[in-house]
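Novice: Predicted model, plus sequence, below.
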Amino acid sequence: KNQVEQSPQSLIILEGKNCTLQCNYTVSPFSNLRWYKQDTGRGPVSLTIMTFSENTKSNGRYTATLDADTKQSSLHITASQLSDSASYICVVSENNAGNMLTFGGGTRLMVKP
Amino acid sequence: EAQVTQNPRYLITVTGKKLTVTCSQNMNHEYMSWYRQDPGLGLRQIYYSMNVEVTDKGDVPEGYKVSRKEKRNFPLILESPSPNQTSLYFCASSTPFGANTEAFFGQGTRLTVV
């Protein structure tokens, strides 16, 4: 069964510090991997989308990496801000016609002043 | 502005009383889907639709129905809601998935069944 595991489940950091969130997946055949940011009670919003051939992709202070060989991805947040407090969800899609997405359980990040 | 609109945002209902949560998108996307999000379980797919009149079950379809009569609308129907359907629901739409397509999510519907 396809799975996406994220770690840590929750994380507290001080404003201005960096952090890295991890995502391991077993989805096959792989199409792409997305990181979403979800504020409490709101819909997820896409941060990055990465395909098999991409190793790194940045979106402002967010940098995602992908190692398709080991099936691991990370999301690095630089110089964290209070507004970064949210859940970060790793989503992997299969390369088939069924459009199946497998969601990770998310990492809940809290940035404290 | 490209968006996915769900209604209502909040709903409290009683067991057994039929309800419909509406979802509409203005991006002419073929693919739409419904998810429920519960603490500790992440987002789980209920149903999806790859185009008008084409729907299929996701991971947790029991107790739900959907319809896709028009491209822009994808309502979620609970014929006889039960307390275990208390959850946060999200509708999403996208073009058919490929290398760089993106799913756009609605703002969510928080449903409480008492």
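Specialist: Right, received. Where do you want to start? Numbers count the residues shown, from 1 in each chain, chains lettered A, B, ... in the order given.

Novice: Show me what from chain A comes close to chain B.
Specialist: A:31-32, A:34, A:36, A:41-46, A:49, A:51, A:89, A:91, A:93, A:97-101, A:103-106 (C-beta under 8 Å from any C-beta of the partner chain). Every residue, glycine included, has its C-beta placed from N, CA and C.

Novice: Helix, strand, or coil at whichever residue of chain A sits closest to chain B?
Specialist: Relative to chain B, the nearest point of chain A is residue A:43 (3.4 Å; C-beta to the nearest C-beta). Using DSSP: H, G, I helix; E, B strand; the rest coil, the three-state assignment for residue A:43 comes out as coil.

Novice: what's the nearest residue to residue B:23 once chain neighbours are set aside in contact with, if anything?
Specialist: Sequence neighbours aside, residue B:91 is the residue nearest to residue B:23 in space, at 3.5 Å (criterion: C-beta to C-beta, 6 or more residues apart in numbering or on different chains). Contacts for residue B:91 (C-beta atoms under 8 Å, 6 or more residues apart in numbering or on different chains) come out as B:4, B:6, B:21, B:23, B:25, B:32-35, B:74, B:76, B:105-106.

Novice: Now for residue 85: which residues touch it?
Specialist: Went with chain A since none was named. So residue A:85 contacts A:109-111 (C-beta under 8 Å, 6+ apart).

Novice: please go with chain B instead
Specialist: Residue B:85 makes contact with B:36, B:63, B:78, B:111, B:113, according to C-beta under 8 Å, 6+ apart.

Novice: re earlier: give me the buried entries from the contacts of residue A:85.
Specialist: Neighbour-count burial (16 or more other C-beta atoms under 10 Å in any protein chain shown) applied to those gives A:109, A:111.

Novice: Could you dump the contacts of residue A:85 into a markdown table with pLDDT and secondary structure added?
Specialist: A markdown table is the format used below for these (pLDDT from 0 to 100; DSSP: H, G, I helix; E, B strand; the rest coil):
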| residue | pLDDT | secondary structure |
| --- | --- | --- |
| A:109 | 97 | strand |
| A:110 | 97 | strand |
| A:111 | 97 | strand |
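
Novice: Please enumerate the strands of chain B.
Specialist: Here chain B has its strands, by DSSP state E, at B:4-7, B:10-13, B:19-25, B:31-38, B:42-51, B:54-57, B:65-66, B:76-78, B:87-94, B:104-105, B:109-113.

Novice: I'd like the ones you listed as a markdown table, with mean pLDDT and distance to residue A:81 appended.
Specialist: Conversion of the strands of chain B to a markdown table gives the following (pLDDT from 0 to 100; distance: least, C-beta to C-beta, whole Å):
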| stretch | mean pLDDT | distance to residue A:81 |
| --- | --- | --- |
| strand B:4-7 | 96 | 27 |
| strand B:10-13 | 96 | 29 |
| strand B:19-25 | 98 | 30 |
| strand B:31-38 | 93 | 25 |
| strand B:42-51 | 90 | 25 |
| strand B:54-57 | 92 | 40 |
| strand B:65-66 | 98 | 39 |
| strand B:76-78 | 98 | 35 |
| strand B:87-94 | 94 | 25 |
| strand B:104-105 | 92 | 22 |
| strand B:109-113 | 97 | 27 |
